[in-house]
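A.B. asks: have a look at this prediction, sequence included:
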Amino acid sequence: MTEISRVKGTKDYILEEMEKINYIIEKVKETFERFGFRQMDTPALESWDILSKKGVGGSDILEETFRFKDKSNNEIGLRYDLTVPLARVIALNKNLPLPFKRYQIAKVWRYGDVSKGRLREFYQADIDIVGSSSLLADAEVLACASEALKRLHIDFLIRINSRRILFSMMKSARIEKEKMLEVIRAIDKLEKIGEDSVKDELKKIKIEEKSIDKIFDFIKMDFDSIALEGREEIENLIDYLDGFGIKNFKIDLSLARGLDYYTSVIFEIIAKKEGKLGSIAGGGRYDNLIELFAGKKIPATGISLGIDRIAEIIDRFPKKSLIYVALTSDKVLKKGFEIIKMLRDNGINVDFDLMKRKLAKQLEYANSLKIEFVIIVGEEDLKNNEVTLRNMVTGEEKKIKIENLIEELKQILSNKLI
């Protein structure tokens, strides 16, 4: 028999893993909508011409992009983020009211190294504001992302920098203009591969030793000691963040972001207790991206939350209660089905045995699914118009009249974190 396995870098989400993902998405979605973002969706497939256009993602991300030809010989790629498809949507829908605030929660694909928190197929949750050049828009997306993470009880830090500052720094270090994006892509790998490896990459693209030294001297400097283009926009963003009550940020001159389309302010969010996991969110301003497809300049900014990485951090989360109905014999089936329908009609999640097993096996099955409450429908109980409610955690049992069952269950479940 052929050995079967998942494709490397992918994941099956089952039982509590899927419940956790859904819980995170639900909290994130609620927050996005509270901030006035409206949902949209785009195809997983994009034309290779869209994904590979100069000035969009860049060479590093294209090396990680899943690419193939369809039966009509068209070159297609799986989307590597949700921002490039948004730019295409804006170009195709010229009458959208601006600013356009959208969110999208979907899977993306990147053929990168696989490790904890790094998959090749993973969920992203994006918010973007299209049409505003004001840094108020950047503050708004950071405020929204911050609120979503707070609702998930994650302690985090926002790192902020500006591509304009990095470009100014490279100009002063005498980096050739055509090599600047390559330098940024190398700096972006600093936390992942370390300083020596980044220096090696810079040497490979023929950056002089003295220029490399200047780069590393600069990115280790304090923000207060620099006087470069881009400083003022960082200061303005800080003022807006202060207005939103956001204090947990730092200016980090080593922050680069790897995609080519970023133009000015950039940001990443890291979880304090899981620093080695990498960023759990990242984004920035991309004022030139949409112009590549639309033919006119439309400023935009956004941030993407990594749902799978967030799931790595969250240990405990509230689970939706599921009631299990144990039918003890064929004689109770009819009444048991009536009870099941009654519970479901009243918004209570219910499962029951589909294999006509003995009561002990049904209880064992419910226990394996970590179901806390089981309703036992027995012949003797039905004679008194009752059922038995069993707490699978404590073993406690209680007789309940069927006419009082809904009220009793809702009372029990309302006292739980569900």
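C.D. replies: Received it, and whenever you're ready, just let me know what you need.
A.B. asks: and D260, what helix or strand is that in?
C.D. replies: In the assignment (DSSP states H and E), D260 maps to no helix and no strand.
A.B. asks: show me what contacts the nearest residue to it once chain neighbours are set aside?
C.D. replies: In this structure, D260 finds its nearest non-sequential neighbour in G58, 3.7 Å apart by Cβ to Cβ, 6 or more residues apart in numbering. Backbone N, C-alpha and C define where each C-beta goes, glycine included. With contacts defined as Cβ atoms under 8 Å, 6 or more residues apart in numbering, G58 is in contact with 181, 185, 258-260.
A.B. asks: same question for L45.
C.D. replies: 76-79.
A.B. asks: go with 7 Å
C.D. replies: Shown in contact with L45 (Cβ atoms under 7 Å, 6 or more residues apart in numbering): 76, 78.
A.B. asks: what is the neighbour count of the residue nearest to I290 when sequence neighbours are not counted?
C.D. replies: Computed as Cβ to Cβ, 6+ apart, the closest residue to I290 that is not its neighbour in sequence is I298, at 4.2 Å. The local packing of I298 (other Cβ atoms under 10 Å) involves 23 other residues.
A.B. asks: with E140 instead?
C.D. replies: Number of residues near E140 (other Cβ under 10 Å) recorded here: 22.
A.B. asks: quick one: contacts for it?
C.D. replies: E140 neighbours (Cβ under 7 Å, 6+ apart): 35, 129.
A.B. asks: and it, helix, strand or coil?
C.D. replies: helix (DSSP: H, G, I helix; E, B strand; the rest coil).
A.B. asks: same question, the one 10 residues further on
C.D. replies: Classification of K150 into helix, strand or coil gives helix, according to three-state DSSP.
A.B. asks: list of residues touching the host helix or strand of I127?
C.D. replies: Using DSSP H and E, I127 sits within strand 121-130. Strand 121-130 is touched from outside by 9-10, 21, 25, 28, 32, 37, 81-83, 86, 90, 98-109, 137, 140-141, 144, 290, 298, 300-308, with contacts defined as Cβ under 7 Å, 6+ apart.
A.B. asks: in that strand, what's buried?
C.D. replies: 121-130 (16 or more other Cβ atoms under 10 Å).
A.B. asks: any low-confidence regions in this protein?
C.D. replies: 1, 227, 274-276, 415-418 (pLDDT under 70).
A.B. asks: Produce a PyMOL select command limited to the buried residues of the contacts of strand 121-130.
C.D. replies: Buried residues within these, by 16+ other Cβ under 10 Å, are selected in PyMOL with:
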select buried, resi 9+21+25+28+32+37+81+82+83+86+90+99+100+101+102+103+104+105+106+107+108+109+137+140+141+144+290+298+300+301+302+303+304+305+306+307+308
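A.B. asks: from the contacts of strand 121-130, which land in strands?
C.D. replies: Among the contacts of strand 121-130, DSSP state E puts 100-109, 300-306 in strands.
A.B. asks: and the angle from the strand holding I127 to strand 300-306?
C.D. replies: 160 degrees (axes from the mean of the first three to the mean of the last three Cα atoms, to 10 degrees).
A.B. asks: ok so, going back, from S47, how far out is the residue nearest to I290?
C.D. replies: 20 Å (Cβ to Cβ, to the nearest Å).
A.B. asks: cool, I127 as well?
C.D. replies: 25 Å.
A.B. asks: over to R120?
C.D. replies: Applying Cβ to Cβ to R120 and S47 gives a distance of 21 Å.
A.B. asks: and those two? Which one has more around it.
C.D. replies: R120 (19 against 13).
A.B. asks: quick check: closest non-adjacent residue to the more buried one.
C.D. replies: R120's closest residue in space is G9 (Cβ to Cβ, 6+ apart), at 2.9 Å.
A.B. asks: any idea how far that neighbour lies from M18?
C.D. replies: Using Cβ to Cβ, we find G9 at a distance of 18 Å from M18.
A.B. asks: follow-up on the earlier one: tell me the one of the buried residues of strand 121-130 nearest E379?
C.D. replies: The nearest member of the buried residues of strand 121-130 to E379, counting by Cβ to Cβ, is Y123 at 47.9 Å.
A.B. asks: contacts only, for the closest residue to the closest one other than its chain neighbours.
C.D. replies: Closest residue to Y123 apart from its sequence neighbours, by Cβ to Cβ, 6+ apart: I307 at 3.6 Å. Applying Cβ under 7 Å, 6+ apart to I307 gives the contacts 21, 24-25, 123-125.
A.B. asks: rebuild those as TSV, extending it with distance to S115.
C.D. replies: Below are those laid out as TSV (distance: Cβ to Cβ, whole Å):
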residue	distance to S115
I21	19
I24	20
I25	23
Y123	17
Q124	18
A125	21
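A.B. asks: from those, which is closest to L152?
C.D. replies: Closest approach between these and L152, by Cβ to Cβ: I24, at 6.4 Å.
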